[in-house]
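> Need a 3D model of the sequence below.
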Amino acid sequence: MNLILDGHHYKYELESLANMFFHENKVRVVEEKDFSQDEYLYTSLSRNMDGIITLKVVTRLEEKLREEEFQGRPDKTDPDRFCEYHLCRMLYRQLEKATGISLAWGMLTGVRPVRLVYRYRERGMDDKQIREHLHRDYFVTDEKIDLLLRTANKEKQILDLSRPESFSLYLSIPFCPSRCHYCSFVSHSVERAKKLIPEYVTLLIREIEYVAPIVQKLGLRLETVYFGGGTPTAISSKQLEQIICAVEQHFDLSHLREYTVEAGRPDTITMQKLEMLKRKGVTRISINPQTMNDAVLEQIGRRHTTAQTIEAFQMARQAGHRNINMDLIAGLTGDSLESFCKTVDQVIGLAPENITLHTLSVKRSSQLGQHAKSFYLQEHQRVTDMLSYAVQRFYQEQYLPYYLYRQKNTMENMENVGYCKEGTEGYYNVYIMDETHSIIALGAGGVSKLRKPGGTLLHRIFNYKYPYEYIERFDTVLRRKDEIVKFYEQSE
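From the prediction side, this is the model:
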């Protein structure tokens, strides 16, 4: 299906909105008027000599033609945003009628919808007024508005802790026991990449040693450390401890608010690793089952069992860990509503401090993404009920939302949310999603996001994606880190 742009350049928002109704991503943006297709979406903008604009949306779907037009003067403060908004609004209404689909997030396409709440509050609106605007202007449901308001309240407390000179440190361990079928991250199975790990660890430590004096010279203050991947505990306890010791030796940790290591896969967790992490000052870990259904685990390419998840959690408690996150995914292949509800209840029964609830996102580069169209047709209808049940149970057990983001190609266009017990919020998760302060990322696939105190400019530095590239071109990795100094020294 063609999405025709006539007289404007609002490609991104209109395309994103259209694809929320067509999960198989068959919308193709064109700038020539081609009405020869059986189905098409047409959007246009024209302006007369008096400055009056005409916005038009025409959709032809299932042999039915719909048309809507808007005329008037655009808002002088931001005419582009005004025109884009009204085109999206008309397109949403027509697609809703044509498909019979009403989206819970309405016409919102952004990754961080919580920012709308902050924007409205800066204008002096109370929660009642915000609710009215989101429902009327963007067609967001009451359930999602409630989630936004709750999340904003918790998230704002964390954002206010960040100082102008704050930064967070991310370290990538891009190795996993096996590759999940839904995964698109840059991670290698330990079996295939085992020979790369020793050199990778050595070079990651060298990158730590290279970057630490840079942040010290710039007077930056380290607030959170986060080991992600991949699965950091996929490497040996000794190798992981070497990296942790390098961070401890070269960075000032005296202002640290949080130290997280994703233990991740239960089949990589040992008491030796858990005790080492506790001894080295790690304050937060993740043990991520995704589901507590063994048959589903097998279908998605995981090699651990529910029993191993429970055993790993109990070992973590024995080792003294008191802030544990567990990840769950709604919409996994073969997972029924009944099975998912049992998973939620089992995880709540373990009483972790954090539960992160993801909605399955079908990435094209994942194994599942190769069959995205048939997958969506078969699986998407149950996801809304899964999320509703989980949220209800979380609220009952005093788990409150503290960060939220959305991804493309997510089942039912839903969200990913971190829930936590009071006082156990994951600070890094908030800082990376809100882009509050600089995130300096080390290791393969790491993307540093730099923001100066009080500045609006965001600068990204990309490390090479794959471990073998990172190793082969390591000198370039270090040279790119010199951009940190250049960025902070230049004026906006």
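
> Look at residue 286 and tell me its secondary structure.
The three-state label given to residue 286 by DSSP: H, G, I helix; E, B strand; the rest coil is strand.

> Can you give me the neighbour number for it?
Using other CB atoms under 10 Å, residue 286 is surrounded by 23 other residues. Bear in mind the C-beta positions are built from the backbone N, C-alpha and C, glycine included.

> any idea how far it lies from residue 312?
Distance of residue 286 to residue 312, given as CB to CB, to the nearest Å: 11 Å.

> Between those two, which contacts overlap?
Shared contacts of residue 286 and residue 312, defined by CB atoms under 8 Å, 6 or more residues apart in numbering, are found at residue 263.

> Give me the contacts around stretch 140-149.
104-106, 108, 113-114, 116-117, 127, 130-131, 134-135, 388, 391, 401, 404, 415, 417.

> Now, those that are in strands?
401, 404, 415, 417 (DSSP state E).

> Among the residues you listed, which pair sits farthest apart?
401 and 415 (9.5 Å; CB to CB).

> Where does pLDDT dip in the protein?
23-25, 179-191, 362-381, 491-492 (pLDDT under 70).

> give me that answer again for 80
The chain contains residues with pLDDT under 80 at 23-26, 178-192, 362-381, 409, 412, 454, 491-492.

> Of all residues in it, which one is nearest the centre?
residue 405 (5.3 Å; CA atoms, centre = their mean).

> my read: that residue touches residue 415, true?
Yes - counting by CB atoms under 8 Å, residue 405 sits close enough to residue 415 to count as a contact (7.0 Å).

> tell me which residues in stretch 1-13 are buried?
Buried residues in stretch 1-13, counting neighbours by 16 or more other CB atoms under 10 Å, are found at 2, 3, 4, 5, 8, 10, 13.

> wait, I meant stretch 83-99
Per 16+ other CB under 10 Å, stretch 83-99 contains these buried residues: 83-96, 98.

> Need the contact partners of that stretch.
8, 10, 13-14, 17-18, 21, 41, 43, 45, 53, 55, 57, 59, 61-62, 64, 66, 68, 70, 74, 101-103, 106-107, 139.

> One more: stretch 70-77?
In contact with stretch 70-77 (CB under 8 Å, 6+ apart) are residues 51, 52, 53, 54, 55, 56, 81, 82, 83, 86, 90.

> Tell me the buried residues in it?
For stretch 70-77, by 16+ other CB under 10 Å, it's residue 74.

> Just the CA atoms of it, as PDB, please.
The C-alpha trace of stretch 70-77 is given here as PDB (Å, rounded to 0.1, in the frame of the first residue of the first chain):
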ATOM      1  CA  PHE A  70      -9.200  21.000   7.100                       C
ATOM      2  CA  GLN A  71      -8.800  24.700   6.200                       C
ATOM      3  CA  GLY A  72      -7.500  27.600   8.300                       C
ATOM      4  CA  ARG A  73      -4.400  29.500   9.300                       C
ATOM      5  CA  PRO A  74      -1.600  27.500  11.000                       C
ATOM      6  CA  ASP A  75      -0.300  28.300  14.400                       C
ATOM      7  CA  LYS A  76       2.400  31.000  13.900                       C
ATOM      8  CA  THR A  77       4.600  29.600  16.700                       C
END
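
> What separation do you get for the residue nearest to residue 463 when sequence neighbours are not counted and residue 301?
Among residues not flanking residue 463 along the chain, residue 446 sits closest, at 4.4 Å (CB to CB, 6 or more residues apart in numbering). Counting by CB to CB, the gap from residue 446 to residue 301 is 24 Å.

> Please say which of these two ends up with more neighbours.
Higher neighbour count among residue 446 and residue 301: residue 446, with 24 against 19, using other CB under 10 Å.

> just to revisit the earlier point, can you flag which of the buried residues of stretch 83-99 belong to strands?
Per DSSP E, the buried residues of stretch 83-99 never map to strands.

> Looking at those, which are in helices?
Those of these mapping onto helices are 83-96, 98, per DSSP state H.

> Pick out whichever of those sits closest to residue 217.
residue 84 (42.5 Å).

> My read is that residue 217 contacts residue 484, right?
No - Residue 217 is beyond contact range of residue 484, at 9.6 Å (criterion: CB under 8 Å).

> Just the endpoints, please. Distance across stretch 267-283?
21 Å (CA to CA, to the nearest Å).

> Sorry, wrong one. I was asking about stretch 245-257.
End-to-end distance (CA to CA), stretch 245-257: 18 Å.

> Could you give me the buried positions within that stretch?
246, 247, 250, 251, 256, 257.

> Stretch 288-300 too?
288, 289, 290, 291, 292, 293, 296, 297, 300.

> can you put the residues you listed in CSV and add distance to residue 31 and secondary structure?
CSV is the format used below for the buried residues of stretch 288-300 (distance: CB to CB, whole Å; DSSP: H, G, I helix; E, B strand; the rest coil):
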residue, distance to residue 31, secondary structure
288, 44, coil
289, 47, coil
290, 42, strand
291, 44, coil
292, 49, coil
293, 47, coil
296, 44, helix
297, 46, helix
300, 40, coil
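
> just to revisit the earlier point, which of the contacts of stretch 83-99 are buried?
The buried subset of the contacts of stretch 83-99 - by 16+ other CB under 10 Å - is 8, 10, 13-14, 17-18, 21, 41, 43, 45, 53, 55, 57, 59, 61, 68, 74, 103, 106-107, 139.
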